[in-house]
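> Need a 3D model of the following:
(one chain, ligands or ions: 2)
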Amino acid sequence: MGRSSDSEDPLTLAMAPSPYETPEQRHAREMAEAEDKKISDEIDEQLRREREGDRKKKKPVKLLLLGQSESGKTATLKNFQLTYARREWSEERGSWRAVIQLNLVRNVNLILHHLNHEMSGISAHSEGHYSDDSAEEVLVRRKAKALPPLRFREHHRLLQLQLAPLNGIQVDLERKLGDASTELYTTSVTSAAPFDPITPPTNRRALQEFSIHSTNGWKTALGKFRTHLSHTRLDTASDVVRKSKDNDDDITEIIASCKDDIKALWDDPDVAEMLNRRKVRIEDAPGFFLNDTERIATRTYQPTDDDVIRARLRTLGVQEYRFIFDHGELFSLLTSYNQHSEVAPGRTVGQEWRLYDVGGTRNSRGAWYPYFDDDFISTFRPISPFDEKLAEDRKVNRLEDSYLLWRSVVSCKLLARTQIILFLNKCDLLQAKLQRGVRIRESVPSFGDRKNDLPTATRYFQQHFKDISKTSSPVPRPFYMYLTSVIDTRSTAVTLGAVEESILREHLRHADLM
Ligand SMILES: Nc1nc2c(ncn2[C@@H]2O[C@H](COP(=O)(O)OP(=O)(O)OP(=O)(O)O)[C@@H](O)[C@H]2O)c(=O)[nH]1
Ligand SMILES: [Mg+2]
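Ligands and ions are numbered 1, 2, ... in the order given. Presented below is the predicted three-dimensional model:
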């Protein structure tokens, strides 16, 4: 009779029970074997649970940043990078130089545009600068007409002449940086939420065609534009790099040579009065750098962290950013700030996060829908522009658009299980506006006779968003809200720490339920 190979194995033979085993010995052996098996099964089960836990923990946390254009989505994403991906951030900081130069040059050209028109007798109204014929604006125009005309002198004409080359520099930089560097001033989309859940766009590929999937951020995007645009078929790679560098140097040289004139233009009291009469508040607009001319308009200028956060580059389509979080300093800061933190530091190390930053103009919002799923959404509402209109549609009040957008997001059935976090952003600009004496009730009649100060205003707007969430959500959901000024990197780091913790807690809770 053949013997199985197992019975020839010396180890099996050695461990086999003795053929002379008594019934008591056999009982004791079987008990011991059962105990061993129990321990072994428990170890297996523990390993399986740990593997499963690891798998769930490693499921990326996905965070979609939504909100109207200029609400601060990209600025918040930059804060994430600055706090959690320091090395990449430092590598990319230099790439923002061209964007900041463009922002500064555009500030100057906007003033020159108004100066040229003022000197040629073209009113802000006739050039369509005023957005509507509201009673407030009619009053402003009437008041401006009643004022004595502004007298511009020879040095204004000289400034116009000397700063004229900046027109060409703006064109050059815009060409270099591509579509993201120009703002959108019209749109055919008339809805605040053109993502229709009933007929989701099927052509996801087409939507992605103009998105930038970036794992290391703007450097790739900016670098790509630079190489792409200066490349001709006859150029060799080194020619391209050299030409691009020469061109960068020329641009920097011209801006630096205009430094004193830029400062003179910005400091001029007649120019300030003209901007005031025309209701042009460059200092509240995205990408304002005129107070930093001394530092930026130099041959050796290198952007600081704050410059990069304040730089304005429109987001096109959807951009994906990935971070692997390794919690060091920030986590300790957070845990000392929040003694009751429920997320143990060890559980978050190595966690992958994917952040999706989208374009917020009305015509970009259709691209959001394919990214709606069960993960987390942060929505951004700029709280300061309660009296301003959308850039892409001068008939629509920004606050009204914010309310409509918020209602659409919270009422979306697909997002019923999604945790939504509301950032009421640009509180610093709101405070500055209120300090200047702008009355909220003139633009928002329902504000009534409440105190025109920051705490009252934020409470009022916050309550309105909360009420919309309560009445429009398909299922009851908690209301998470933060008041932010995301250009303040220190306070934003603390806010992001709190947001991160609450997101992680939910993420891990979901994972445990899976
Ligand atoms: N003063 C101030 N400026 C802010 C704040 N948040 C953002 N900004 C600035 O506003 C401008 C627009 O911000 P972005 O982050 O580019 O806006 P966005 O929501 O990404 O806009 P899109 O890409 O067009 O959808 C940038 O120049 C920011 O630096 C804030 O809280 N206070
Ligand atoms: Mg953006």
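> What residues does the protein have near ligand 2?
Taking CB under 5 Å from the ion as the measure of proximity, the chain contacts ligand 2 at Lys73, Thr74, Thr315. The C-beta positions use only the backbone N, C-alpha and C, and glycine is treated the same way.
> Throw the residues you listed into CSV and include secondary structure and pLDDT, thanks.
Shown next, in CSV, are these (DSSP: H, G, I helix; E, B strand; the rest coil; pLDDT from 0 to 100):
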residue, secondary structure, pLDDT
Lys73, helix, 93
Thr74, helix, 93
Thr315, coil, 90
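> Intersect those with the contacts of ligand 1.
When contact is defined as CB under 6 Å from any ligand atom, those meet ligand 1 at Lys73, Thr74, Thr315.
> ranking those by neighbours, who comes first?
Neighbour tally across those (other CB atoms under 10 Å): the maximum, 28 neighbours, falls on Lys73.
> Does it touch Tyr356 like I think?
No. Counting by CB atoms under 8 Å, Tyr356 is not a contact partner of Lys73; they are 9.6 Å apart.
> shared neighbours of these two, anything?
Counting by CB atoms under 8 Å, 6 or more residues apart in numbering, the residues touching both Lys73 and Tyr356 are Leu65.
> of all of the stretch 201-350 of the chain, which residue lies closest to ligand 2?
Using CB to the ion, the single residue of the stretch 201-350 of the chain nearest to ligand 2 is Thr315, 3.1 Å away.
> Residue numbers of the stretch 1-150 of the chain in contact with ligand 1?
Neighbours of ligand 1 within the stretch 1-150 of the chain, by CB under 6 Å from any ligand atom: Gly67, Ser69, Glu70, Ser71, Gly72, Lys73, Thr74, Ala75.
> Identify those among those residues that sit within strands.
Gly67 (DSSP state E).
> Can you name the two of the residues of the stretch 1-150 of the chain next to ligand 1 that sit furthest apart?
Distance extremes for these: the farthest pair is Ser69 and Ala75 at 12.2 Å, using CB to CB.
> How about the secondary structure of Arg299?
coil (DSSP: H, G, I helix; E, B strand; the rest coil).
> Could you report the separation of the residue of the stretch 201-350 of the chain closest to ligand 2 from Ala285?
Taking CB to CB, to the nearest Å as the measure, Thr315 falls 17 Å from Ala285.
> likewise Lys395?
19 Å.
> For the stretch 401-514 of the chain, just list every one of the strands.
Counting by DSSP state E, counting those that start in this stretch, the stretch 401-514 of the chain has strands at residues 419-425, 480-483.
> okay, those strands in CSV with distance to ligand 1 next?
Listed next are these as CSV, based on distance: least, CB to the nearest ligand atom, whole Å:
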stretch, distance to ligand 1
strand 419-425, 5
strand 480-483, 10
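> Can you tell me which of those is most buried?
strand 419-425 (a mean of 23; mean count of other CB atoms under 10 Å).
> mind checking the backbone torsions on the residue of the stretch 201-350 of the chain closest to ligand 2?
Per-residue torsions, Thr315: phi -80, psi 130 (degrees, to the nearest 10).
> pretty sure it contacts Leu355?
No. In this structure Thr315 lies outside contact range of Leu355 using CB under 8 Å: 11.9 Å.
> that older thread, which of the ones next to ligand 1 among the residues of the chain next to ligand 2 sits closest to Gln431?
Using CB to CB, Lys73 comes nearest to Gln431 of these, at 21.2 Å.
> Which of the residues of the stretch 1-150 of the chain next to ligand 1 are buried, as a ChimeraX select command?
Restricted to buried positions by 16 or more other CB atoms under 10 Å, the ChimeraX selection for these reads:
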select :67,69,70,71,72,73,74,75
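> Take the residues of the stretch 1-150 of the chain next to ligand 1 and lay them out in TSV including distance to Val108.
Putting these into TSV (distance: CB to CB, whole Å) gives the following:
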residue	distance to Val108
Gly67	29
Ser69	23
Glu70	20
Ser71	26
Gly72	24
Lys73	27
Thr74	23
Ala75	23
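> Which element, helix or strand, includes the closest residue to Ile251 other than its chain neighbours?
Take Ile251 and drop its neighbours on the chain: the residue closest to it by CB to CB, 6 or more residues apart in numbering is Ile169, 5.7 Å away. Element membership of Ile169, judged by DSSP states H and E, is helix 165-177.
> What average pLDDT does that helix get?
Averaged across helix 165-177, pLDDT comes to 94.
> what about that helix, near ligand 1?
No. Judged by CB under 6 Å from any ligand atom, helix 165-177 makes no contact with ligand 1; its nearest approach is 13.6 Å.
> now for that helix, which elements pack on it?
helix 97-119, helix 218-230, helix 237-257 (3 or more CB pairs under 8 Å, 6 or more residues apart in numbering; DSSP states H and E).
> residues in contact with the residue of the stretch 151-300 of the chain found nearest ligand 1?
Nearest residue of the stretch 151-300 of the chain to ligand 1: Pro286, at 3.2 Å (CB to the nearest ligand atom). Taking CB under 8 Å, 6+ apart, we find Pro286 in contact with Glu70, Asn103, Arg312.
> ditto for Glu21
Glu21 sits in contact with Arg29, where contact means CB under 8 Å, 6+ apart.
> That one looks like it's in a strand, true?
No. Counting by three-state DSSP, one finds Glu21 to be coil, located in no strand.
> Break this protein down into its domains, please.
61-93+315-513, 95-188+219-309 (automatic domain parsing).
> and the ones you listed, which is most packed in?
Comparing the domains of the chain by mean neighbour count (mean count of other CB under 10 Å), domain 61-93+315-513 ranks first with a mean of 18.
> Show me how far it is from its chain's centre.
From the chain centre to the centre of domain 61-93+315-513 is a distance of 9 Å (CA atoms, centre = their mean, to the nearest Å).
> Make 48 the first number, not 1, from now on.
Let's use 48 as the start, then, which means that last one is domain 108-140+362-560.
> Quick check: which ranges of the stretch 98-247 of the chain have low pLDDT?
For the stretch 98-247 of the chain, applying pLDDT under 70 flags the ranges 100-105, 169-189, 191, 242-247.
> Nearest to ligand 2: which residue in it?
For the stretch 98-247 of the chain, CB to the ion, closest residue to ligand 2: Thr121, 3.2 Å.
> Hmm, Ser449 is touching Pro429, no?
Yes. With contacts defined as CB under 8 Å, Ser449 counts as touching Pro429 at a distance of 7.3 Å.
> what do the two both touch?
Shared contacts of Ser449 and Pro429, defined by CB under 8 Å, 6+ apart, are found at Gly114, Gln115, Ser118.
> Closest one of the residues you listed to ligand 1?
Ser118 (4.2 Å).
> How much space separates the closest residue in space to that closest one that isn't next to it in sequence from Ile550?
In space, and not counting its chain neighbours, Ser118 is closest to Phe427: 3.9 Å by CB to CB, 6+ apart. From Phe427 across to Ile550, the span is 16 Å (CB to CB).
> for Gly168, same thing?
Taken as CB to CB, the span from Gly168 to Ile550 is 56 Å.
> One more: Asp535?
Look at Asp535 and Ile550: by CB to CB, they are 21 Å apart.
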